[in-house]
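# Following is a predicted model, sequence given first.
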Amino acid sequence: MIGGVFIYNHKGEVLISRVYRDDIGRNAVDAFRVNVIHARQQARFPVVNIARTSFFYTKRSNIWLCAVAKQNINAAMVFEFLTKMIDIMQSYFGKISEENVKNNFVLIYELLDEILDFGYPQNSDTGVLKSFITQQGVRPVTREEQTNVTSAVTGQIGWRREGIKYRRNELFLDVIESVNLLMSQQGQVLSTHVAGRVAMKSYLSGMPECKFGINDKITVENRTKNQTDTSNNGSTNPSTTTTTKTAIAIDDCQFHQCVKLSKFESEHAISFIPPDGEFELMRYRTTKDISLPFRVIPLVREIGRTKMEVKVVVKSNFKPTLIGQKIEIRIPIPPNTCDVQLLCMKGKAKHKASDNAIVWKMKRMGGMKESQLSAEIELTPNDKKKWNRPPISMNFEVPFAPSGFKVRYLKVFEHKLNYSDSETIKWVRYIGKSGLYETRS
């Protein structure tokens with residue numbers, strides 16, 4: 001359990017101080033200020049133990065948030081609470097700054113009294129908190145609101161209130177993937193994985209239930225098996241064989257609290273009642289059968305000690321009908337570079353002396369295309385140890401999911417207001433981005 005929560009400014013002045021247990025005294029406030037904020041060497045770890053007291057802290061712009069405990073408690077839980085507290089404050093008054101904290105200190109104390117009880121984290125759902133705490137303070141709670149709050153705290157649906165109405169029912173779904181790659185100079189993939197997330201914007205009336213199907217391997221294999229078992233002659237349907245090839249193997253995934261996990265485990269269908277507005281439905285990770293959008297082929301030739309030639313070829317490996325955007329290739333060069341002559345087939349390239357790199361940018365590049373950059377680099381004589389070449393990094397954005405993730409269906413059911421799935425406007429978009437996308441040179 002948490003003994004106290006303190007918020008400091010960059011000078012170490014206490015803006016908010018809330019003590020929940022008697023074992024935390026005023027000296028704990030001063031200990032954190034002296035040993036962390038005013039320390040000569042910046043602390044490397046987010047947890048500091050001073051005089052048998054543990055300090056868990058995080059920093060946002062010029063504000064320090066610190067939770068204090070005497071007992072041995074779950075550190076992950078404390079940081080989850082601090083992160084949630086930051087999200088709650090941002091939803092109430094926007095950017096977390098010294099001025100905003102001072103202007104809303106009454107509200108912050110009210111929030112701390114609600115989300116922590118004797119040091120134990122309680123309900124921290126923003127939607128529920130906003131139903132009975134406003135920026136001006138606590139307003140009188142009607143009997144109906146009291147019932148809603150009670151059901152939200154103890155019941156099933158705390159993330160969505162009743163009575164939501166829209167003139168037009170719309171659902172937006174974005175599949176956003178970050179591709180991470182480390183490739184050798186010879187073109188061998190050393191490591192690769194995709195970190196993906198499904199973000200949604202829900203503008204639906206009433207209390208709808210949504211069903212969302214994806215082409216993960218388990219779901220498609222079960223479907224194939226069922227169709228094979230029901231066939232009369234025992235032969236496999238050709239269409240199911242094609243479907244299996246397009247299935248992806250998800251290594252691990254994490255869902256929003258609105259997802260009914262029991263249905264996912266039994267039926268492998270993602271069924272949920274969505275929160276109103278924008279939210280993240282799921283996160284996932286996959287390491288197999290990844291379509292790498294680009295390949296970088298470097299060729300570096302050292303001519304003596306004062307000259308170097310660099311040639312970089314970029315090839316796009318996706319369909320010709322698609323277009324990659326926001327392409328940036330960062331080519332490291334030695335620190336003792338004195339002059340660079342650049343020639344590129346497409347886009348713009350420049351030497352950034354402050355970063356010891358050549359930055360090559362292209363607004364867009366079609367599928368199955370290639371482009372080339374050549375550079376002649378003059379070096380000043382250097383007696384220091386040999387330069388270890390850092391990898392070439394790349395940033396980009398493509399309109400598809402490199403893992404092969406596909407939305408098989410997205411259905412909406414609303415029994416009370418009785419609007420059908422066909423009346424709901426649904427939008428699905430795929431975005432592939434670069435994570436740490438590197439090629440050794």
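Happy to help now that I have it.
# Just to check, Tyr20 is in contact with Gly3?
Yes. If you go by Cβ atoms under 8 Å, Tyr20 and Gly3 touch, sitting 6.1 Å apart. For glycine as for every other residue, the C-beta is placed from the backbone atoms N, C-alpha and C.
# So for those two, which residues contact both of them?
The contact sets of Tyr20 and Gly3 overlap at Gly119 (Cβ atoms under 8 Å, 6 or more residues apart in numbering).
# List the buried residues of stretch 387-405.
By 16 or more other Cβ atoms under 10 Å, the buried positions in stretch 387-405 come out as 387, 391-394, 396-398, 400-405.
# Tell me which helix or strand comes right after the helix or strand of the chain at the bottom of the mean pLDDT ranking.
Least confident helix or strand of the chain, by mean pLDDT, DSSP states H and E, is helix 238-245 with a mean of 36. Following helix 238-245 in sequence order, the next helix or strand is strand 252-255 (DSSP states H and E).
# Tell me the neighbouring strands of the host helix or strand of Trp64, and mark each as parallel or antiparallel.
Assigning secondary structure by DSSP H and E places Trp64 in strand 63-69. Here strand 63-69 is paired, per DSSP bridges, with strand 4-8 (antiparallel), strand 53-60 (antiparallel).
# From the rest of the structure, what touches that strand?
1-10, 15, 24, 28, 32, 36-37, 53-59, 78, 81-82, 85-86, 96-98, 101, 119.
# Over to stretch 416-434?
168-179, 204-207, 293, 394-402, 405, 407, 410-413.
# quick one: which of the residues you listed sit in strands?
Among the contacts of stretch 416-434, the ones falling in strands (DSSP state E) are 170-179, 394-398, 407, 410-413.
# Give the PyMOL command for selecting the buried subset of those residues.
Selection of buried members from these for PyMOL, criterion 16+ other Cβ under 10 Å:
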select buried, resi 171+173+174+175+176+177+178+179+394+396+397+398+407+410+411+412
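# Now do the helices for the stretch 201-350 of the chain: every range, in order, please.
217-230, 238-245, 261-267 (DSSP state H, counting those that start in this stretch).
# quick one: which of these has the weakest pLDDT on average?
Note on the helices of the stretch 201-350 of the chain: helix 238-245 shows the lowest mean pLDDT, a mean of 36.
# Tell me who's in contact with the closest residue to Glu98 other than its chain neighbours.
The shortest distance from Glu98 to any non-neighbouring residue, by Cβ to Cβ, 6 or more residues apart in numbering, is to Asn9 (4.7 Å). For Asn9, the contacting residues are 15, 62-64, 98, 101, by Cβ under 8 Å, 6+ apart.
# Kindly recompute the last result at 7 Å.
15, 62-63, 98 (Cβ atoms under 7 Å, 6 or more residues apart in numbering).
# Of those residues, which is the nearest to Asp276?
Ile63 (29.2 Å; Cβ to Cβ).
# Quick check: bridge partners of that closest one?
Beta-bridge partners for Ile63, by DSSP bridges, are Arg60.
# how near is it to Met89?
10 Å (Cβ to Cβ, to the nearest Å).
# what's the overlap in contacts for the two?
By Cβ under 7 Å, 6+ apart, the residues touching both Ile63 and Met89 are Ile96.
# For Asp216, which non-adjacent residue is closest in space?
Closest residue in space to Asp216, ignoring its immediate chain neighbours: Ile250 at 5.0 Å, by Cβ to Cβ, 6+ apart.
# Would you agree that neighbour is in contact with Thr287?
No. Ile250 is not in contact with Thr287 according to Cβ atoms under 7 Å; the separation is 9.7 Å.
# Looking at the two, which one has more neighbours?
Ile250 (22 against 14; other Cβ atoms under 10 Å).
# Please name the residues that touch the more buried one.
Counted by Cβ under 7 Å, 6+ apart, Ile250 has contacts 216, 284, 286.
# didn't the second one look like it was pressed against Gly196?
Yes. Counting by Cβ under 7 Å, Gly196 is a contact partner of Tyr284 at 5.0 Å.
# re the thing from before, now the helix or strand following the strand holding Trp64, how far from the centre of its chain.
Downstream of strand 63-69, the first helix or strand assigned by DSSP H and E is helix 75-93. A distance of 16 Å separates the C-alpha centroid of helix 75-93 from that of its chain, computed with Cα atoms, centre = their mean, to the nearest Å.
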